[in-house]
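In: Fold the following and give me the result.
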Amino acid sequence: DARAWPDAGTVAVAPVDASAPTTSSASSACAAPCTGTLGGAVVTAVSDAIRRTRRCYDLELTRALTFEAHVRIQLTVGRDGSVCGAGFERPTGRPAFDACVKTVLEATHVPPPTGGCVEVQNVVHFVPQP
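Out: I've put the predicted structure just below:
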C-alpha cells in the first residue's frame, strides 16, 4: 500500500548511452565543445548517481502518492569528473522534485572522462509500486 509505504516507488534507469559525444556545455570545467568519451567506470558512476535520485522520488511520493515521471535526464561531466550541469529535457511540473534531482546529480563526482568533458542523456522512469 503506497500510503503505508511512501518509499515504495521504483526508479528504472535505462543504460547510459556511451555513444558519440555532444557539442555543448555550461562551465569552464566543461569548456565547449564537449568531445570526451565515456568509459565503463564513468557509465557505472553516472548510473549510480541517477539511482541516488530515488530519495527525491521517495520524498515526492509523500506529497503525491501517485506521482510518476518518465524523464530524460541530461548531465554534463567535466574533464575532472565533476558534474557541472544537470537537469531534465523538460521539467516534470513538480519544482521541488526537479530541484532535488538536480542537486543530487550536481553533487556527484565520477571518474574523469577520456579526452575532456562529456554530455550524457538518460531516460529514467519514476513509478510507484503497485
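
In: pLDDT weak spots in this structure?
Out: 1-28 (pLDDT under 70).

In: separation between the spatially most central residue of it and residue 35?
Out: What sits nearest the mean C-alpha location of the chain, by Cα atoms, centre = their mean, is residue 50, with 4.3 Å. Distance, residue 50 to residue 35, using Cβ to Cβ, to the nearest Å: 23 Å. C-beta: built from backbone N, CA, C; applies to glycine.

In: now the helices for this protein?
Out: 40-52, 54-63, 95-106 (DSSP state H).

In: Any chance of JSON lines for these, columns distance to residue 117?
Out: Below are the helices of the chain laid out as JSON lines (distance: least, Cβ to Cβ, whole Å):
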{"stretch": "helix 40-52", "distance to residue 117": "11"}
{"stretch": "helix 54-63", "distance to residue 117": "25"}
{"stretch": "helix 95-106", "distance to residue 117": "14"}
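
In: I'd like to know which of the ones you listed is closest to residue 113.
Out: helix 40-52 (5.3 Å; Cβ to Cβ).

In: same for that closest one, what does it pack against?
Out: strand 10-13, strand 69-77, helix 95-106, strand 118-127 (3 or more Cβ pairs under 8 Å, 6 or more residues apart in numbering; DSSP states H and E).

In: Measure how the last one sits relative to strand 69-77, angle-wise.
Out: In other words, strand 118-127. 160 degrees (axes from the mean of the first three to the mean of the last three Cα atoms, to 10 degrees).

In: What of the third one?
Out: Put simply, helix 95-106 runs at 30 degrees to strand 69-77, going by the same axes, to 10 degrees.
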